[in-house]
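Engineer: need a structure here:
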Amino acid sequence: MLSRLFTLALLAFPAGMAAQTAATDSIVAAADTASASAGTVTIIMPDALNARLYGGEAKTEAENPSAETDKPAAPAQTSRSTSRQGYRVQVFDDNNARTAKREAQARKSRIQSRFPEFNAYVSFNSPDWRVKVGDFTSRSEAEAALAAIRQAFPEMGSQLRIVRDRVNVR
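Structural biologist: Predicted coordinates for the structure are as follows:
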């Protein structure tokens with residue numbers, strides 16, 4: 001990708017500038033020196049590329065007027081979750097090609113609105129659509145969640161069961 005950018009940039013330079021580029025450190029330096037005599041050259045590049053070209057020193061905004069100044073701050077890094085064997089409560093399982101996907105999404109929405117503390121997951125493993133709830137590391141946690149879900153949604157009782165699955169652990 002980087003070599004393609006340089007190739008495209010070289011094609012855009014006038015013929016005299018290509019010889020000048022060979023004598024300088026980089027295409028960016030050639031564009032900087034040529035911009036005074038040949039007009040205005042604007043170079044837009046990612047900060048990582050800028051840091052590589054200038055040895056870790058990023059150009060200031062005065063040196064690089066195309067730099068974005070109104071970028072939103074990077075989101076705070078949250079703790080990464082890992083997966084391990086655990087338990088989930090399966091609340092839906094169907095293979096009806098016409099209705100299963102829509103019903104799975106509806107069940108997921110109902111469960112999440114009533115139990116926002118549980119993550120709900122819709123999965124498709126042909127031909128079955130499944131909805132599983134929670135990331136429980138112990139069976140007793142899953143059994144407590146199963147009892148709460150069964151009490152809140154008695155009509156789902158026949159499909160509720162605890163299943164072993166890879167769960168996300170923080």
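Engineer: Contacts only, for Glu143.
Structural biologist: Ile162 (Cβ atoms under 8 Å, 6 or more residues apart in numbering). Where you see a C-beta, it was placed from the backbone N, CA and C, and this is true even at glycine.
Engineer: quick one: it from Leu160, how far?
Structural biologist: 11 Å (Cβ to Cβ, to the nearest Å).
Engineer: just Gln85 next, same as before
Structural biologist: Using Cβ to Cβ, Gln85 is found at 21 Å from Leu160.
Engineer: Could you do Arg80 as well?
Structural biologist: Taking Cβ to Cβ as the measure, Arg80 falls 31 Å from Leu160.
Engineer: Tell me which strands the biggest strand by length in the chain pairs with, and in which orientation.
Structural biologist: The residue-count maximum for a strand in the chain (DSSP state E) belongs to strand 82-94. With DSSP bridges as the test, strand 82-94 is paired with strand 128-136 (antiparallel), strand 161-169 (antiparallel).
Engineer: what angle do the helix or strand following it and strand 82-94 make?
Structural biologist: Using DSSP states H and E, the helix or strand that follows strand 82-94 in sequence is helix 100-114. Helix 100-114 runs at 120 degrees relative to strand 82-94, counting by axes from the mean of the first three to the mean of the last three Cα atoms, to 10 degrees.
Engineer: Report the buried residues of helix 100-114.
Structural biologist: Within helix 100-114, the residues that count as buried by 16 or more other Cβ atoms under 10 Å are Ala100, Ala104, Arg107, Lys108, Arg110, Ile111.
Engineer: Kindly report the same for stretch 151-158.
Structural biologist: For stretch 151-158, by 16+ other Cβ under 10 Å, it's Phe153, Met156.
Engineer: ok, residues contacting that stretch?
Structural biologist: Here stretch 151-158 makes contact (Cβ under 8 Å, 6+ apart) with Val91, Phe92, Arg107, Arg110, Ile111, Arg114, Phe115, Ile149, Arg150.
Engineer: contacting residues around Val89?
Structural biologist: Counting by Cβ under 8 Å, 6+ apart, Val89 touches Lys132, Val133, Gly134, Phe136, Ala142, Ala145, Leu146, Ile149, Leu160, Arg161, Ile162, Val163.
Engineer: what about 7 Å?
Structural biologist: Contact analysis of Val89 by Cβ atoms under 7 Å, 6 or more residues apart in numbering lists Lys132, Val133, Gly134, Ala142, Ala145, Leu146, Ile149, Leu160, Ile162.
Engineer: Serialize the residues you listed to JSON lines and add fields for pLDDT and neighbour count.
Structural biologist: Shown next, in JSON lines, are those (pLDDT from 0 to 100; neighbours: other Cβ atoms under 10 Å):
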{"residue": "Lys132", "pLDDT": "97", "neighbour count": "25"}
{"residue": "Val133", "pLDDT": "96", "neighbour count": "24"}
{"residue": "Gly134", "pLDDT": "95", "neighbour count": "26"}
{"residue": "Ala142", "pLDDT": "96", "neighbour count": "24"}
{"residue": "Ala145", "pLDDT": "96", "neighbour count": "21"}
{"residue": "Leu146", "pLDDT": "96", "neighbour count": "22"}
{"residue": "Ile149", "pLDDT": "96", "neighbour count": "21"}
{"residue": "Leu160", "pLDDT": "96", "neighbour count": "18"}
{"residue": "Ile162", "pLDDT": "97", "neighbour count": "18"}
